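# attaching a predicted model along with its sequence, questions to come.
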Amino acid sequence: MADTSDTRTPAQIEADIKRRREVLAETLDEIGMRVHPKTIMGDVKAKVVSNIDHTLGRAYVGANRVVTDAKGRFVDDQGAPRLERVVPVALVVVGVVGLLALGTRRRRV
């Protein structure tokens, strides 16, 4: 059988109880901070901001890829415009703008 007798003095027992109370009080304070509504909202806000940053980062990378692909179609390796591709697109844009201008002009009359 195990020996259950305590060889500590009453002062040692009191010191041990005091130390355990202090540790317990610190633990309860920490738990109180973790479940406090401001702490919870701060954690939620940090997660939302992190998710938004991640989403914006992915959107930036995707947009950058689209711009790079478009640039690659209209500019050669030396940076000079590819006229065989730029001119037809420019003509289409001018035509659309012209049609829109005529359409708004006719509505006014």
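Ah, there it is.
# now the host helix or strand of residue 71: mean pLDDT?
Using DSSP states H and E, residue 71 maps to helix 37-74. Mean per-residue pLDDT for helix 37-74: 92.
# who are the packing partners of the helix or strand just after that helix?
Using DSSP H and E, the helix or strand that follows helix 37-74 in sequence is helix 83-108. The contact analysis (3 or more CB pairs under 8 Å, 6 or more residues apart in numbering; DSSP states H and E) places helix 83-108 against helix 37-74. To be clear about C-beta, it is placed using only N, CA and C from the backbone, and glycine gets the same treatment.
# identify the residue nearest residue 33 in space, chain neighbours excluded?
Of all residues not flanking residue 33 in the chain, residue 39 sits nearest, at 5.7 Å (CB to CB, 6 or more residues apart in numbering).
# tell me how far the one you found lies from residue 51.
Residue 39 sits 19 Å away from residue 51, going by CB to CB, to the nearest Å.
# residue 95 and residue 26, how far apart?
Noted for residue 95: a distance of 75 Å to residue 26, by CB to CB.
# hang on, I meant residue 71
59 Å.
# cool, residue 96 as well?
71 Å.
# and residue 93, by the same measure?
Residue 93 is 69 Å from residue 26, by CB to CB.
# do the same with residue 73
64 Å.
# ditto for residue 90
From residue 90 to residue 26 the distance is 72 Å (CB to CB).
# what of residue 10?
25 Å.
# the two: which has the busier surroundings?
Higher neighbour count among residue 10 and residue 26: residue 26, with 10 against 7, using other CB atoms under 10 Å.
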